[in-house]
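**Student:** The following block contains a protein sequence and its predicted model.
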Amino acid sequence: MTRPEASRPEASRPEATRAAAAAKGAAAGGRTRRRGPAVRLALVTVPVAFFAVFFAYPVAAIVARGLRTDGGWHLGRIGEVLASADLRHVLWFTTWQALASTALTLLVALPGAYVFARLDFPGKQVLRAVVTVPFVLPTVVVGSAFLAVVGRGGLLDDLWGVRLDTTVWAILLAHVFFNYAVVVRTVGGLWSQLDPRQEEAARMLGASRPRAWRQVTLPALGPAVAAATLMVFLFCFTSFALVQILGGPRFSTLEVEIYRQTADVFDLSTAAVLTMIQFVAVGAVLALHAWTVRRRETALRLVDPSVTAGRPRGAGQWAVLGGVLATVAVLLLLPLVVLVRRSLDAPGFGYFRALTREDDGGAFLVPPIDAIGNSLEYAAVATVLAVAVGALAATALTRRDAGRFVRGFDALLMLPLGVSAVTVGFGFLIALDEPPLDLRSSWMLVPLAQALVGVPFVVRTMLPVLRAVDDRLRQAAAVLGASPWRVWREVDLPMVWRALLVAAGFAFAVSLGEFGATVFIARPDNPTLPVAVSRLLGRPGDLNYGQAMALSTILMVVCAVALLVLERLRTDRTGEF
């Protein structure tokens, strides 16, 4: 017979164990809470320092150079610029063409968003990649492709004697070509997650199909449509290479005028005022974009996209699918096909072989083909920088203890996409010319400028996946004593490594095509592909035009291959990019 006294120690042992575990967990939790602010500060220190030194400082330097004189600040120059009829016309055209381009893009792309969200058909994933190719193409290549269709000796000129270059229609159509994927991915990504039974219930209650869509689906899509609208407007408002190539001297946006005032006239005061105007406008657009993104993430209850798409049924759905396929073929594929054909006009790949010869015109100190190797090297370094900075920023933004400053930093990360790249590039030359940041003669200037553009894409690609990781896993690992680095390595990384590769691919593609800042800082003996294409297009002669088409074709193929690889890696089809 067992004595009660003997059983008491055994009975109390589990309680003691649980008490010890609770005490250990409380102590670990206390340590985790105490080091939370330190971890948050460590995560944002590198991104904040990177943007402060290589974005805010160069932009502030060029603005200060333009508005300061020996006697102090010349703020009256702001009123003088705004009073200029020519510059007011530039501001009006910039706003007007951005609004028109945005409206036209929505009109053309919303049916495509429906097709990719609700219909399932053979080759859908390949077509999704094809649709996204224009967005990752450098704007110089887009301009070259449209020149091959609407310019002198282009397809329309050969067939009907019609030229659209130096007209606003060429600019508007090129903006639709470039931004089509933004609407399809942003709106279509949300549309594919909306429960179709809600619209079906409205139809069962007597509503027609258009009324059910207008009163049920459209309000749910409102935040995504608003986000897509604001992003397209942002890209069109800051358009540079497309307007410069297709508009000619007749049309000028703020970005083109900043370049002209900086590089041609060297009127830094006017350029500084225009930069400030653009900065205020872009800041307002980004604030609206951040609000719509937050609303989209929290206000809707979504379902698995795999259960919402089905085979086309009825004449209406088949007609929409046929119309979208025709639009993709004519608007997106035709310019790219004509671009390739123009690059092959010379017999025996003559334009491609001409790229290997020394340049006699003085625009290059090396054969133009060397631009390929330069671009790949610069883009590789820029990708490493963008992924490192962007991953830290995305991790900070997903922490539950993120403060108001960190959440506001999300919008600031998007500024390089909207603030004048011309200003950033010229600011690099002005600001980074003294120790300890004397980088004006360094090859690192180009990757640094390209990384600024790549970071927003890394953040926007990784954020949805990081936010999907159950935070309780991180908390459990921290309670068990894991350091923040070990938590990231063993909890987050196994779940987000594919997104990390996708982010790196997007950063590489956009770095490869960066033009606005690189045109200032790329040396003649180390040109990048976009800079080389622009210089060739700016010189007369069929040989130069053909070489520009050949280089654009090479750049297009590299970007397309990178995107197809990304589509194979991507598992989340609902992101913006």
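**Tutor:** Nice, I can see it. Numbering: from 1, shown residues only.
**Student:** could you measure the spatially most central residue of the chain against residue 140, distance?
**Tutor:** The centre of the chain sits closest to residue 457, judged by C-alpha atoms, centre = their mean, with a distance of 5.0 Å. Separation of residue 457 from residue 140 (C-beta to C-beta, to the nearest Å): 18 Å. (Glycine included, C-beta is placed from N, CA and C.)
**Student:** Same question for residue 554.
**Tutor:** Taken as C-beta to C-beta, the span from residue 554 to residue 140 is 12 Å.
**Student:** And residue 243, by the same measure?
**Tutor:** 12 Å.
**Student:** ok, now residue 437?
**Tutor:** 29 Å.
**Student:** of those two, who's got more company?
**Tutor:** Taking neighbours as other C-beta atoms under 10 Å, residue 437 and residue 140 compare with residue 140 leading, 29 against 14.
**Student:** The more buried one: what's it in contact with?
**Tutor:** When contacts are counted by C-beta atoms under 8 Å, 6 or more residues apart in numbering, residue 140 touches 241, 245, 513, 515, 530, 533, 534, 537, 552.
**Student:** can you name the two of those residues that are farthest apart?
**Tutor:** 513 and 537 (15.0 Å; C-beta to C-beta).
**Student:** List the buried residues of the helix or strand harbouring residue 473.
**Tutor:** If you go by DSSP states H and E, residue 473 is part of helix 471-479. Neighbour counts over helix 471-479 (16 or more other C-beta atoms under 10 Å) mark 474, 475, 477, 478, 479 as buried.
**Student:** What is the nearest of the residues you listed to residue 523?
**Tutor:** Using C-beta to C-beta, residue 474 is the member of those that lies nearest residue 523, at 45.6 Å.
**Student:** what about the residue lying closest to residue 257 once chain neighbours are set aside, distance to residue 84?
**Tutor:** Spatial nearest neighbour of residue 257, excluding adjacent residues (C-beta to C-beta, 6 or more residues apart in numbering): residue 90 at 4.9 Å. Separation of residue 90 from residue 84 (C-beta to C-beta) stands at 9 Å.
**Student:** ok, those two, which is more surrounded?
**Tutor:** Higher neighbour count among residue 90 and residue 84: residue 90, with 22 against 13, using other C-beta under 10 Å.
**Student:** mind listing what that one touches?
**Tutor:** Neighbours of residue 90 in contact, by C-beta under 8 Å, 6+ apart: 252, 253, 254, 257, 274.
**Student:** ditto for residue 108
**Tutor:** 176, 180, 327, 331.
**Student:** Quick check: pLDDT value at the second one.
**Tutor:** At residue 180, the pLDDT value in this model is 93.
**Student:** Likewise for residue 476?
**Tutor:** Reported pLDDT for residue 476: 79.
**Student:** Distance of it relative to residue 135?
**Tutor:** Relative to residue 135, and taking C-beta to C-beta, residue 476 is found at 39 Å.
**Student:** Can you tell me the closest non-neighbouring residue to residue 202?
**Tutor:** That would be residue 212: by C-beta to C-beta, 6+ apart, it lies 4.0 Å from residue 202.
**Student:** Just give the number of residues close to the one you found.
**Tutor:** Residue 212: 20 neighbours (other C-beta under 10 Å).
**Student:** Surely it is in contact with residue 203?
**Tutor:** Yes: Residue 212 lies in contact with residue 203 (C-beta atoms under 8 Å); the separation is 5.0 Å.
**Student:** Where does pLDDT dip in the stretch 301-450 of the chain?
**Tutor:** 301-307, 359-365, 399-408 (pLDDT under 70).
**Student:** Can you list the residue ranges for strands in the chain?
**Tutor:** Assigned by DSSP state E, the strands in the chain fall at 68-69, 72-73, 433-434, 437-438.
**Student:** Reformat those strands as TSV; add distance to residue 449.
**Tutor:** Formatted as TSV, the strands of the chain follow (distance: least, C-beta to C-beta, whole Å):
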stretch	distance to residue 449
strand 68-69	24
strand 72-73	28
strand 433-434	15
strand 437-438	14
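**Student:** who wins for proximity to residue 522 among these?
**Tutor:** strand 433-434 (16.6 Å).
**Student:** Centre of the chain to the closest one, how far?
**Tutor:** Put simply, strand 433-434 sits 30 Å off its chain's centre (C-alpha atoms, centre = their mean, to the nearest Å).
**Student:** Counting neighbours, what do you get for residue 316?
**Tutor:** Neighbours around residue 316, by other C-beta under 10 Å: 10.
**Student:** can you check the one 3 residues further on too?
**Tutor:** Using other C-beta under 10 Å, the number of residues around residue 319 comes to 12.
**Student:** Look up how far residue 217 lies from it.
**Tutor:** Separation of residue 319 from residue 217 (C-beta to C-beta): 19 Å.
**Student:** next one: residue 552
**Tutor:** On the measure of C-beta to C-beta, residue 552 and residue 217 end up 40 Å apart.
**Student:** higher neighbour count, the two?
**Tutor:** When residue 552 and residue 217 are compared for neighbours, residue 552 comes out ahead with 31 against 18, by other C-beta under 10 Å.
**Student:** Please enumerate the helices of the stretch 351-500 of the chain.
**Tutor:** Using DSSP state H, counting those that start in this stretch, the helices of the stretch 351-500 of the chain run over 370-398, 404-412, 415-418, 421-431, 445-468, 471-479, 484-487, 493-513.
**Student:** Kindly state which of those helices is positioned closest to residue 268.
**Tutor:** Nearest of those to residue 268, taken as C-beta to C-beta: helix 421-431 at 8.6 Å.
**Student:** What residues of the closest one count as buried?
**Tutor:** 421, 422, 423, 424, 425, 426, 427, 428, 429, 431.
**Student:** Can you give me the distance of the fifth one to residue 94?
**Tutor:** Applying C-beta to C-beta, the value for residue 425 to residue 94 is 19 Å.
**Student:** go on, the fourth one?
**Tutor:** From residue 424 across to residue 94, the span is 18 Å (C-beta to C-beta).
**Student:** The contacts of residue 108: which two are farthest apart?
**Tutor:** 176 and 327 (9.6 Å).
**Student:** Between these two, which is the more surrounded one?
**Tutor:** residue 176 (24 against 19).
**Student:** which one is that one nearest to, not counting chain neighbours?
**Tutor:** Distances taken as C-beta to C-beta, 6+ apart place residue 105 nearest to residue 176, at 4.9 Å, with adjacent residues excluded.
**Student:** That neighbour: neighbour count?
**Tutor:** Neighbour tally, residue 105, other C-beta under 10 Å: 25.
**Student:** pLDDT wise, what is it at?
**Tutor:** pLDDT, read off for residue 105, is 96.
**Student:** All set now, cheers.
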